[in-house]
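Enquirer: Give me a 3D structure for the following:
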Amino acid sequence: MARRLSAVAAGTAVGVTAAATIVLLAVAALPSVATEPIPPPDASYLPLLAPLPPPTGPVPVDSALAVALSPLDGPALGGSVGAVVLDATSGQVLYSRQADQPRTPASTTKILTGTAVSTALGTATRLTTRTVKASDGAVILVGGGDPQLRESGDEHPGDATLADLASQTAAALRAAEPSVPASGSTPTATSASGSAATESSSPSVPPVSVMVDDTLFSGPTTSPDWPESLLATCIVRPIMALMVNNGMSPEEVPCEPESDPALAAGRTFARLLTAEGVPVTGEVGRRRAESTSELASVQSAPVADLIEQTLLRSDNTAAEILAHLAGGKLAGQASFAGGAVATDQALRGLGLSTSGLQLTDGSGLSREDRIPPLLLGQTLARVAANANAQLWPVGSGLPVAGFDGTLATRFDTAATFPGRGEVRAKTGTLTDIGALAGWVVDQNGRLLIFDFVSDKVVDTEEGRIALDRAASALATCGCTGAPN
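Expert: Sure, this is the predicted structure:
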């Protein structure tokens with residue numbers, strides 16, 4: 001599951017990135033389920049999760065940073081920019097521009113969501129999708145909130161698949177039928193040589209109906225603040241505890257979102273179960289799994305991997321599912337509202353003030369979300385300093401400038417090229433909104449945390465370049481006097 005030991009592994013940043021990558025390799029094999037207590041970090045990895053080493057250079061000064069960050073004053077960002085730069089080791093605010101003023105954050109909200117999820121569930125936890133057998137023989141597919149559940153695993157090794165679950169379920173149903181030969185063949189006669197001849201026999205089980213249980217989540221399946229266009233264009237899907245292939249129809253071109261991902265997953269499972277030789281009758285419907293008679297189960301990749309992939313791809317649907325799970329764990333409500341409460345609680349648990357924080361979703365798609373840049377920067381500083389041993393996937397999930405994720409095609413101009421491989425950051429884009437939040441090592445070896453956000457972007461593409469130029473300037477500037 002672990003994907004990346006990036007080019008940013010330089011100076012003090014290497015401790016965070018290397019730790020994240022190595023630990024992720026380790027937790028990939030740890031058995032756990034969402035309902036278990038958070039597994040403590042393995043003692044053998046604790047040195048890798050140690051705080052950042054002492055800084056190696058002088059602290060940047062505000063006046064020099066103001067000059068270096070002049071790209072934020074460009075016309076494309078509309079003259080309404082909130083910004084903050086912090087020293088990762090000390091948490092000291094080095095530069096502030098309306099940093100305590102709440103602004104619409106767009107997808108940089110996912111940094112806070114990742115923080116809440118890792119705090120609530122831990123990094124090694126796995127999410128379980130299972131089947132149970134009802135008293136009347138119905139097979140109920142129970143969703144566990146796995147955002148990466150796939151139909152098959154050929155293109156996504158390591159993710160749980162419905163094909164695997166169908167195979168296990170079919171085997172369990174056959175095992176419950178003692179009259180069915182386990183070998184699949186029966187002896188019929190003796191040949192002249194004395195060996196037994198066999199006749200092929202296909203094991204069979206009585207027909208079953210397939211139902212789905214997606215009751216792990218509560219409340220509405222979409223945020224009231226989302227325009228319908230977000231769903232119609234597959235930017236996000238209805239948020240349910242059970243979905244397969246990210247809630248998409250088998251043919252994803254053109255975009256064909258499933259109106260009911262849970263029922264769609266049930267129909268996919270019924271088809272796979274039929275292919276395993278189990279007759280399925282009737283229509284797939286909803287039914288709460290009251291029975292504890294489990295037939296089979298599959299587990300997701302570790303939560304650490306789910307967080308990383310969500311941040312890397314800026315996966316809106318996955319972010320909302322994970323936020324719901326955090327809400328269920330910390331707030332007792334696996335819903336949009338619960339996710340917001342859980343995020344607030346997790347941040348307060350890190351010693352941060354959540355004054356000005358307003359969340360209505362976990363993805364940042366809502367224009368009603370508000371986050372002060374200072375709070376987002378302080379959260380990243382806590383992640384970089386390993387304030388909580390469960391937080392590291394938030395850092396390792398940040399895209400690397402010019403290389404992967406939502407930054408793969410950015411930092412490609414002369415002015416932004418110095419940031420390639422040096423900046424790790426989460427992007428944020430809505431109409432009129434542009435944001436970039438992450439970290440970078442400056443020329444003096446200081447790991448700097450930054451958050452830049454404009455809520456009056458005039459030109460989206462030029463605004464992105466301006467944000468990238470500002471982040472690149474931090475990489476090339478010691479900023480202890482005039483910028484280099």
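Enquirer: residue boundaries of the strands in this structure?
Expert: For the chain, the strands defined by DSSP state E occupy 81-87, 93-97, 128-133, 139-142, 185-190, 196-200, 210-213, 285-286, 294-299, 424-430, 433-441, 447-454.
Enquirer: With distance to P220, mean neighbour count and mean pLDDT added, can I get those strands in TSV?
Expert: No exception for glycine: its C-beta is placed from N, CA and C like everyone else's. Listed next are those as TSV, based on distance: least, Cβ to Cβ, whole Å; neighbours: other Cβ atoms under 10 Å; pLDDT from 0 to 100:
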stretch	distance to P220	mean neighbour count	mean pLDDT
strand 81-87	30	25	97
strand 93-97	37	19	98
strand 128-133	23	22	98
strand 139-142	21	25	98
strand 185-190	53	11	40
strand 196-200	52	10	38
strand 210-213	18	24	98
strand 285-286	16	13	97
strand 294-299	28	20	97
strand 424-430	21	26	98
strand 433-441	24	27	97
strand 447-454	27	28	97
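Enquirer: Dump those into a markdown table; add distance to Q148 as well.
Expert: Listed next are these as a markdown table, based on distance: least, Cβ to Cβ, whole Å:
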| stretch | distance to Q148 |
| --- | --- |
| strand 81-87 | 32 |
| strand 93-97 | 37 |
| strand 128-133 | 11 |
| strand 139-142 | 16 |
| strand 185-190 | 38 |
| strand 196-200 | 38 |
| strand 210-213 | 18 |
| strand 285-286 | 23 |
| strand 294-299 | 11 |
| strand 424-430 | 19 |
| strand 433-441 | 24 |
| strand 447-454 | 28 |
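Enquirer: Where does the prediction get shaky in the stretch 251-400 of the chain?
Expert: 251-254 (pLDDT under 70).
Enquirer: By residue count, which helix of this structure is the longest?
Expert: helix 460-476 (DSSP state H).
Enquirer: Now that helix: buried residues?
Expert: By 16 or more other Cβ atoms under 10 Å, the buried positions in helix 460-476 come out as 463-476.
Enquirer: Pull up the gap between T128 and Q299, please.
Expert: 5 Å (Cβ to Cβ, to the nearest Å).
Enquirer: same thing with F411?
Expert: Distance of F411 to Q299, computed by Cβ to Cβ: 37 Å.
Enquirer: Output the buried residues of helix 460-476 as TSV; include the columns distance to L350 and pLDDT.
Expert: Below are the buried residues of helix 460-476 laid out as TSV (distance: Cβ to Cβ, whole Å; pLDDT from 0 to 100):
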residue	distance to L350	pLDDT
G463	30	97
R464	30	97
I465	33	97
A466	30	98
L467	26	98
D468	28	98
R469	31	98
A470	26	98
A471	24	98
S472	29	98
A473	29	97
L474	24	97
A475	27	95
T476	31	94
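Enquirer: Now render these as TSV, adding distance to G405.
Expert: Output for these, formatted as TSV (distance: Cβ to Cβ, whole Å):
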residue	distance to G405
G463	19
R464	14
I465	18
A466	20
L467	15
D468	14
R469	19
A470	19
A471	15
S472	17
A473	22
L474	19
A475	18
T476	22
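Enquirer: Greatest separation within these: which pair is it?
Expert: G463 and T476 (20.8 Å; Cβ to Cβ).
Enquirer: and the chain, what are its domains?
Expert: Domain assignment for the chain, taken from automatic domain parsing, gives 13-124+303-476, 128-175+205-299.
Enquirer: hey, which of those domains is tucked in deepest?
Expert: Mean neighbour count (mean count of other Cβ atoms under 10 Å) peaks for domain 13-124+303-476 among the domains of the chain, with a mean of 22.
Enquirer: which residues does V142 bridge with?
Expert: Counting by DSSP bridges, V142 is bridged to R130, D213.
Enquirer: Tell me who's in contact with it.
Expert: T129, R130, T131, V132, V212, D213, L242, A289 (Cβ atoms under 8 Å, 6 or more residues apart in numbering).
Enquirer: circling back: which strands and helices sit next to the longest helix of the chain?
Expert: The helices and strands touching helix 460-476, judged by 3 or more Cβ pairs under 8 Å, 6 or more residues apart in numbering; DSSP states H and E, are helix 62-68, strand 424-430, strand 433-441, strand 447-454.
Enquirer: Among the strands of the chain, which comes closest to A116?
Expert: A116 sits nearest to strand 424-430 of all the strands of the chain, at 14.7 Å, using Cβ to Cβ.
Enquirer: Export only the CA atoms of that closest one, formatted as PDB.
Expert: This file holds the C-alpha atoms of strand 424-430, laid out as PDB (Å, rounded to 0.1, in the frame of the first residue of the first chain):
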ATOM      1  CA  ARG A 424       4.200  18.900  -0.500                       C
ATOM      2  CA  ALA A 425       0.800  20.400  -0.400                       C
ATOM      3  CA  LYS A 426      -3.000  19.900  -0.600                       C
ATOM      4  CA  THR A 427      -4.800  21.800  -3.200                       C
ATOM      5  CA  GLY A 428      -8.200  23.500  -3.000                       C
ATOM      6  CA  THR A 429     -10.300  24.700  -5.900                       C
ATOM      7  CA  LEU A 430     -13.900  25.900  -6.200                       C
END
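Enquirer: could you give the angle of that strand to helix 460-476?
Expert: Strand 424-430 and helix 460-476 are oriented at 160 degrees to each other (axes from the mean of the first three to the mean of the last three Cα atoms, to 10 degrees).
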